[in-house]
Each structure stands twice: as C-alpha cells, then as structure tokens.
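Enquirer: coords please:
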Amino acid sequence: NPDLPGGLDTDGDGSIDDNTDSDGDGIADSVDGLDGFGDSEQIDTDGDGIPDIYDLDDDNDGILDTDEGDGGVDTDEDGIPDSLDSDSDNDGVPDVIEGNDENGDGIPDSSPSGLDTDNDGLDDAFDSDNGGTSVSIPDTDEDGIPDFQDTDDDNDGIDTINEGPGDGDPTTNDALDTNDNGIPDYLDIDQNLCGTPYNIMTPDDDGENDTFFISCIDRPEYSKNTVEVFNRWGNTVYKASGYNNESVAFRGLSNGRATISVDEKLPPGTYYYVIDLGDGSKPKVGWLYINR
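Expert: Numbers count the residues shown, from 1 in each chain. The predicted structure follows:
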C-alpha cells in the first residue's frame, strides 16, 4: 500500500521501500514510532513492552491507532501524531479520558489495567477480546469531531482548556462543575453559561479575543445589564450599561473613569469585573487578564 503515511522512499523511485504494517494500524513499520527515527523494532512509545510496529494502541490511551489517524493526523500541530500523543488536542484533558467517557462525567469509563493478555498492545480494559470494553470515542457536541480532537467539546464558545478541566488525572474528577450536576463544565451543553465571560483578552485587532466576551449577554432578557471593570487598586477603568459584546464592549481601553484618560490603553495585567445581568440574579464577579 503506497499510501501508508510516512513510508520511506530512499531511492527516489516513487515507491515506498517497505510498506509492511505488522500491527495493521495503517502506519508503515519503518516509521511506526515517534517521527520514525531510530530502529522501529525498538520504539515502544507507551513502554508496555510491545514495539509500536506490533502495538494496536501505541500511546496506551485506549483509542486504537486506526481511530487516531494512523499516524497521519496531528490535531494540535505539536509535531507528535495523535496516535502517539497523550493529549491530541492539547486542551488539558488526556485522550484516555476524552476518548473513553461515554456518560460525560469527566471520569474514564474504564482505566488501563496494566494487563494485555493477547499481547496486541491494547490494554485488556479496552480489549473486547479479553473481557474489556472498546472505547466509545464520544463526540459531545455532535459536530463530527471526537472530543479527544475537539478544542471545544461542548461547542459553547469557550475552549475546553478554559473551562476548568482539572489536573488531567484520570483517577480523580476535579474538573469544574458550576451547576453541580455531575457533568464537568467542559462537557455540559445544558449548563447555564449566560453571563460567564471568557477571561483572557488579547486586544491586538487580530479578530480573536479582542474584547471582553460575555456569553449571551446580548439577549433581550439581559438588556438592562451593567458591566464594570476595576484595576488592582479598585479603581473603575470601564463601566457600561447595555453591554452586547459588539457596539458596547470592553476592548482594553479606559472609558475615562477614575484617573485613567478616555481611550487610554490599559497595561497588561489582571483586572476584576462585576457583571450584573439586570435580571435579578446575583452579580457575577471574577478576574480577567489583558495580554498585549
């Protein structure tokens, strides 16, 4: 199969020198390991004693190499193909969790047992041939991108890494769960996020994170909202009513409160906000960071 990713053509004749694929994972033996360097017989990415050329799951995340792009996909563009990357989308949640959490509670449905009865490289916990359960590979927001390759698992406009995904330890669940419904925020499609801001700003006019974005604050029911931003000394540097993320939005400029001049660019650093949605709910308070 001349289309095997990374196959070598050392003599330049247009044909791959060796297209043997011992483990059937779609990756030529000659490169079935990190970047294809070194003796492929000795490359064992997950240290399970089975060389990658014979290993169905090179990184031991429970997801078959064939489901991780056969070595030809690098979702986060970090130079490590997904089949060898413990966190393919670099969102702070390891693939062993995102690819194996069908009930969406932030804890993998099965954890590696450390056993591989048939020596195929797939841990018994995920191997249906040995009493295990194949991973479900969830796609929470049903956008066609599996969670382990999706930087915004629930498609709420806030990247997974910014929704308190926890420390990445699959044995514990310390991910943020704002409404205490047992579903971490990064997977909770039904979570009430209205009034929740994205708290990192890079106001450089590149079209990304240029404003202080507040989820659904532009809805009619929040038309009486007020937003106030303070510096670390407690001085108001911005205040507005009818905030809507567009025509009325904080862009890292002072609007003349306290001792700061109008339209003065605020320096990089941590600021604090108070968001009153104007609907009778408790105001939301927190911090935001301006990075220039």
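
Enquirer: Can you give me the buried ones in the strand or helix carrying T270?
Expert: For T270, the host element (DSSP states H and E) is strand 269-276. By 16 or more other C-beta atoms under 10 Å, the buried positions in strand 269-276 come out as 271, 273, 275-276. Yep, even glycine has a C-beta here, placed from its N, CA and C like the rest.

Enquirer: Mind listing the strands it pairs with, and their directions?
Expert: strand 226-230 (antiparallel), strand 284-290 (antiparallel) (DSSP bridges).

Enquirer: Mind checking those strands for the one nearest to F213?
Expert: Nearest of the strands paired with strand 269-276 to F213, taken as C-beta to C-beta: strand 284-290 at 10.1 Å.

Enquirer: how about the CA coordinates for that closest one, as PDB?
Expert: Extracted in PDB, the C-alpha atoms of strand 284-290 (Å, rounded to 0.1, in the frame of the first residue of the first chain):
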ATOM      1  CA  LYS A 284     -21.000  37.600  38.800                       C
ATOM      2  CA  VAL A 285     -17.600  38.600  39.900                       C
ATOM      3  CA  GLY A 286     -14.100  37.400  38.900                       C
ATOM      4  CA  TRP A 287     -10.900  38.300  37.200                       C
ATOM      5  CA  LEU A 288      -9.800  38.900  33.600                       C
ATOM      6  CA  TYR A 289      -6.300  39.200  32.200                       C
ATOM      7  CA  ILE A 290      -5.200  41.600  29.400                       C
END
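
Enquirer: And the strands in the stretch 101-250 of the chain?
Expert: Counting by DSSP state E, counting those that start in this stretch, the stretch 101-250 of the chain has strands at residues 200-201, 226-230, 236-241.

Enquirer: tell me the contacts of I63?
Expert: Applying C-beta atoms under 8 Å, 6 or more residues apart in numbering to I63 gives the contacts 57, 95, 99-100, 135, 137, 148.

Enquirer: Of those residues, which is the nearest to D177?
Expert: N100 (19.0 Å).

Enquirer: got the contact list for that closest one?
Expert: 61-63, 108-110, 126, 135-137.

Enquirer: do you know how far it is from N244?
Expert: 40 Å (C-beta to C-beta, to the nearest Å).

Enquirer: repeat for D59
Expert: Relative to N244, and taking C-beta to C-beta, D59 is found at 44 Å.

Enquirer: For the residue most central in space within the chain, report the pLDDT, please.
Expert: What sits nearest the mean C-alpha location of the chain, by C-alpha atoms, centre = their mean, is D91, with 2.5 Å. The predicted structure scores D91 at 95 on the pLDDT scale.

Enquirer: next one: P220
Expert: For P220, the pLDDT comes out at 88.

Enquirer: D177: how many residues sit nearby?
Expert: Residues near D177, counting by other C-beta atoms under 10 Å, number 20.

Enquirer: Name the nearest residue to it, ignoring sequence neighbours.
Expert: Leaving aside its chain neighbours, D177 sits nearest to P184 (5.4 Å; criterion: C-beta to C-beta, 6 or more residues apart in numbering).
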